[in-house]
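S.K.: requesting a structural model of the entry that follows:
(chains A and B)
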2 protein chains.
Amino acid sequence: MKSDRKVARKVLSVLEGSAEKTPPVWLMRQAGRYLPEYRELRAKAGSFWKLALTPDYAAEVTLQPIRRFGFDAAILFSDILTVPEALGQKVTFTEGEGPSLVPVTTSRDFDTDREKWASYFEPVYEALRLTRAGLPPETTLLGFAGAPWTLATYLAAGAGGDEQKAAKLWAYRDPEGFGYLLDILGECIAFHMIRQIDAGADAVQIFDSWASGLPAPLYRQVVIAPTVKIVAAVREARPAAKIIGFPRAATQAGYEDYVRATGVDAVSLDTAAPMDWAAKNFGCAVQGNLDPIALIAGGAALDRAVDTILEQTAGKPHIFNLGHGILPETPIAHVEQLLKCIRG
Amino acid sequence: MKSDRKVARKVLSVLEGSAEKTPPVWLMRQAGRYLPEYRELRAKAGSFWKLALTPDYAAEVTLQPIRRFGFDAAILFSDILTVPEALGQKVTFTEGEGPSLVPVTTSRDFDTDREKWASYFEPVYEALRLTRAGLPPETTLLGFAGAPWTLATYLAAGAGGDEQKAAKLWAYRDPEGFGYLLDILGECIAFHMIRQIDAGADAVQIFDSWASGLPAPLYRQVVIAPTVKIVAAVREARPAAKIIGFPRAATQAGYEDYVRATGVDAVSLDTAAPMDWAAKNFGCAVQGNLDPIALIAGGAALDRAVDTILEQTAGKPHIFNLGHGILPETPIAHVEQLLKCIRG
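M.R.: Residues are numbered from 1 along each chain as shown, chains lettered A, B, ... in the order given. Coordinates of the predicted model:
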């Protein structure tokens, strides 16, 4: 793969273990509501799914922050809830309320026909191909998927934000049935990751956004074990696949176990995780972990926060990013300040 | 103080460093909505503040779970937002919506008259005296207060649950002004803790419920430094004071720094924090950390979760508790199961 590239893709180089003097940078949710050009296209598309599943729209939204800021990676504009949709669970996005779906209590009725999965996901792959065609050659293209546990929290609750209660209850009361749910989700996720790579993604990130608050035995059961299976399945099919894991707000021991067990190429750290400790101890690339609120604050606090991360990761393979997604009220001038602070 | 007691108070013994074969147990929010007798008195009182600030009501609500379950500690029924109220910031509780207050952007207008503080808090102290009179002699009585950072998140946002955004912005943009806010809050908190001890509390717990998600430098500035000052102020006034700290969902390094810097007698751990690591390394008593959702789940999962914690803390000073407050939908039978599992 590497020999096909005329120029080095910096994010990919870091994922291959290289420590860059000026780290590459991209921001979670960089294609999003803080950009006027995003809001314009979002209004034109009408619905969130229309925006995400129309290849021209999705590719255009993905390219917008690259044109404006020259980030080192583009991450495909899509949503982690495509996987439940591929499995036959209809997801509705209501403006200002987030996603909702019919809560599930069994995974028996899921649609496991891989041809249907492929046909549902096809617009995502087409968007990846269009994005790659529009990207500068030096820009890394990232695909992504939600992790089984995080998707299960939405499926069990029928919505986000309930502190994982419904999924935890299911996992505690019916570990076998819940394990089966995680397995089916994992199969669909691995399927989707492999095909994103085939469609041109240089690497894929697994978002386990609700990995916090789990007692260690439950964390091993619902976060680590399913992710181990996914990484193995993807690597078996595509041995050169580069994978970034993000068990958001896991404990330090939780991050450490995750890296060791899954063998991901990089781990993305949340805002509170000590970056110096991770860069020193993990033996893989680290990504993160600026506080999105520091990016809203701007000024001297932003410079200081960026400098701290740069000092903590000096000489180590590091991809600069936020610890969580960029927030809609983030001033564009602060993103410019951030890039100036990193790139000089 | 100890010589006044005819019988040992087990929670207090653990705070003094003793490892009990059967650990003492109490539950955060044990006086609360999962109890029918609580809901009855809550309805009778009409408003939340009426319930919390009428000494007879508050004492009765505090005693209810002791009568029903024989917990080893009673924690006074009150609220962390008494401190903002004492400082002149009116807090309103709306059924099902949580607290609201007028967001503050300066601490200049706070009421710093200690006599007014004492008179505002007087019903709390009277409730402590009434509770002590009604408690079995072997039951430890706990007072508590919210920590400056957690109170600041409410004051800055005018409500809870916004992921600390407003308080973080204030702290980043105006560290000096925000430091002054934390100082005034800390003075009022220390004042209130000392007087709770004088009114009969055997120990006091400091709740820093929103200590998660903070980059290490900010955590040191807004969680550790203000708590160090409070513990020092309370210990200077009452050298024998026993203090439990709860920087909820801090990182492991964050918990460790907190214990070392503040010198609390015990640290309460959230659901995800590794209890075995804490019990081995902290050199102080540990409290926690059963997942409140495991308590709702009941059955074999509950037994297993309790046993794990008991194994992890065997031979160490440990107070059994939840990792977060008990939830309203918790079945009373599961609390009974929990106690049977601990006490045999």
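S.K.: need the pLDDT of the closest residue to residue A:118 other than its chain neighbours.
M.R.: Once flanking residues are discounted, residue A:118 sits nearest to residue A:195: 7.1 Å by C-beta to C-beta, 6 or more residues apart in numbering or on different chains. Every residue, glycine included, has its C-beta placed from N, CA and C. On the pLDDT scale, residue A:195 is placed at 98.
S.K.: does residue A:195 lie in a helix or a strand, and which?
M.R.: helix A:175-198 (DSSP states H and E).
S.K.: how far away is the residue lying farthest from the centre of chain A from chain B?
M.R.: Residue farthest from the centre of chain A, counting by C-alpha atoms, centre = their mean, is residue A:173 at 29.5 Å. For residue A:173, the distance to chain B equals 5 Å [C-beta to the nearest C-beta, to the nearest Å].
S.K.: my read: that residue touches residue B:299, true?
M.R.: Yes. Counting by C-beta atoms under 8 Å, residue B:299 is a contact partner of residue A:173 at 6.6 Å.
S.K.: which one is residue A:65 nearest to, not counting chain neighbours?
M.R.: Residue A:65's closest residue in space is residue A:30 (C-beta to C-beta, 6+ apart), at 4.2 Å.
S.K.: sorry, back to before: who touches the residue nearest to residue A:118 in this structure?
M.R.: Each residue near residue A:195 by C-beta atoms under 8 Å, 6 or more residues apart in numbering or on different chains is listed here: A:118, A:121, A:125.
S.K.: the helix or strand containing the second one packs against which elements?
M.R.: Per DSSP H and E: residue A:121 is located in helix A:114-134. With contacts defined as 3 or more C-beta pairs under 8 Å, 6 or more residues apart in numbering or on different chains; DSSP states H and E, helix A:114-134 has these neighbours: helix A:55-69, helix A:82-86, strand A:140-146, helix A:175-198.
S.K.: name the residues of it that are buried.
M.R.: A:117, A:120, A:121, A:123, A:124, A:125, A:126, A:127, A:128, A:130, A:131, A:132 (16 or more other C-beta atoms under 10 Å in any protein chain shown).
S.K.: likewise stretch A:27-44?
M.R.: In stretch A:27-44, counting by 16+ other C-beta under 10 Å, buried: A:27, A:28, A:29, A:30, A:31, A:32, A:34, A:35, A:38, A:41, A:42.
S.K.: same thing with stretch A:243-263?
M.R.: Going by 16+ other C-beta under 10 Å, stretch A:243-263 has these buried residues: A:243-259, A:262.
S.K.: how far does it sit from the chain's center?
M.R.: Remark: stretch A:243-263 is offset 14 Å from the chain centroid, using C-alpha atoms, centre = their mean, to the nearest Å.
S.K.: what is the end-to-end distance of that stretch?
M.R.: Taking C-alpha to C-alpha, to the nearest Å, the first and last residues of stretch A:243-263 lie 9 Å apart.
S.K.: tell me the spacing between residue A:146 and residue A:130.
M.R.: 23 Å (C-beta to C-beta, to the nearest Å).
S.K.: now do residue A:84
M.R.: The value you get for residue A:84 to residue A:130, if C-beta to C-beta is used, is 25 Å.
S.K.: ok, back up a step: of all the helices and strands packed on helix A:114-134, which lies closest to residue B:230?
M.R.: strand A:140-146 (41.1 Å; C-beta to C-beta).
S.K.: CA atoms only for that closest one, dumped as PDB, please.
M.R.: Once non-C-alpha atoms are left out, strand A:140-146 reads as follows in PDB (Å, rounded to 0.1, in the frame of the first residue of the first chain):
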ATOM      1  CA  THR A 140      -5.000  10.600   5.400                       C
ATOM      2  CA  LEU A 141      -8.600   9.400   5.000                       C
ATOM      3  CA  LEU A 142     -10.200   7.800   8.000                       C
ATOM      4  CA  GLY A 143     -13.200   5.600   8.300                       C
ATOM      5  CA  PHE A 144     -14.900   4.700  11.600                       C
ATOM      6  CA  ALA A 145     -17.500   2.700  13.400                       C
ATOM      7  CA  GLY A 146     -19.100   2.700  16.900                       C
END
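S.K.: and the contacts of it?
M.R.: With C-beta under 8 Å, 6+ apart as the criterion, strand A:140-146 contacts A:9-12, A:24, A:26, A:72-76, A:78, A:80-81, A:83, A:128, A:131-132, A:135, A:189, A:192-193, A:196-197, A:199-209, A:244.
S.K.: residue contacts, whatever residue of the stretch 101-250 of chain A ends up closest to chain B?
M.R.: Per C-beta to the nearest C-beta, the residue of the stretch 101-250 of chain A with the smallest distance to chain B is residue A:172, at 3.6 Å. Contact partners of residue A:172, counting by C-beta under 8 Å, 6+ apart, are A:218, B:293, B:294, B:297, B:299, B:301, B:302, B:305.
S.K.: which bits of the stretch 151-300 of chain A sit near chain B?
M.R.: A:164-165, A:168-169, A:172-173, A:175, A:212-219, A:249-254, A:270-274, A:277, A:289, A:291, A:293-294, A:296-297, A:299 (C-beta under 8 Å from any C-beta of the partner chain).
S.K.: hang on, residue A:291 packs against residue B:165?
M.R.: No. Counting by C-beta under 8 Å, residue A:291 stays clear of residue B:165, with 10.3 Å between them.
S.K.: sketch out the low-pLDDT regions of chain A for me.
M.R.: A:1-6, A:161-162 (pLDDT under 70).
S.K.: for it, just list every one of the strands.
M.R.: Taking DSSP state E as the criterion, chain A carries its strands at A:73-75, A:91-94, A:98-101, A:140-146, A:203-208, A:243-247, A:266-268, A:285-290, A:318-322.
S.K.: could those go into CSV alongside distance to residue B:320?
M.R.: Listed next are those as CSV, based on distance: least, C-beta to C-beta, whole Å:
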stretch, distance to residue B:320
strand A:73-75, 44
strand A:91-94, 40
strand A:98-101, 36
strand A:140-146, 35
strand A:203-208, 30
strand A:243-247, 28
strand A:266-268, 33
strand A:285-290, 34
strand A:318-322, 38
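S.K.: what is the neighbour count of residue A:200?
M.R.: Other residues near residue A:200 number 18, with proximity taken as other C-beta atoms under 10 Å in any protein chain shown.
S.K.: hang on, it packs against residue A:135?
M.R.: No. Between residue A:200 and residue A:135 there is no contact under C-beta under 8 Å: 9.2 Å.
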